[in-house]
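In: coords please:
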Amino acid sequence: MTKIEKAVANHDGVENVKVLFNASKVKANFDPDVTNADDLTQVVTGLGYEVENVKVK
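Out: Residues are numbered from 1 along each chain as shown. Next comes the predicted model:
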């Protein structure tokens with residue numbers, strides 16, 4: 001859980017990362033001018049975890 005949280009939080013333009021482990025979710029605020037959901041998906045998959053779907057609000 002901490003591994004995912006730190007990796008996503010260290011990505012440029014990302015803040016307020018929360019890993020909801022029991023719900024299998026990661027929530028984060030990000031600046032769309034700096035990064036996007038696809039980049040964050042690559043961060044998580046790069047750690048060896050599967051991303052089933054992505055929701056951007």
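
In: my read: Asp33 touches Gly13, true?
Out: Yes - counting by C-beta atoms under 8 Å, Asp33 touches Gly13, with 7.3 Å between them. (Each C-beta comes from the backbone N, C-alpha and C, glycine too.)

In: who has more neighbours, those two?
Out: It is Gly13, of Asp33 and Gly13, that has more neighbours when counted by other C-beta atoms under 10 Å, with 15 against 7.

In: residues contacting Glu52?
Out: By C-beta atoms under 8 Å, 6 or more residues apart in numbering, the residues touching Glu52 are Ser24.

In: Asp12 versus Leu20, what's the distance?
Out: 23 Å (C-beta to C-beta, to the nearest Å).

In: same question, Leu40
Out: Taking C-beta to C-beta, one finds Leu40 at 11 Å from Asp12.

In: more crowded one of the two?
Out: Shown here are Leu40 and Asp12; by other C-beta under 10 Å, Leu40 has more neighbours (22 against 9).

In: can you tell me the element the more buried one falls in?
Out: helix 37-46 (DSSP states H and E).

In: please enumerate the helices of the protein.
Out: For the chain, the helices defined by DSSP state H cover 2-9, 37-46.

In: got TSV for those helices, with distance to Lys25 and mean pLDDT too?
Out: Output for the helices of the chain, formatted as TSV (distance: least, C-beta to C-beta, whole Å; pLDDT from 0 to 100):
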stretch	distance to Lys25	mean pLDDT
helix 2-9	10	97
helix 37-46	11	97
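
In: could you dump these into JSON lines with distance to Val26 added?
Out: Shown next, in JSON lines, are the helices of the chain (distance: least, C-beta to C-beta, whole Å):
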{"stretch": "helix 2-9", "distance to Val26": "6"}
{"stretch": "helix 37-46", "distance to Val26": "7"}
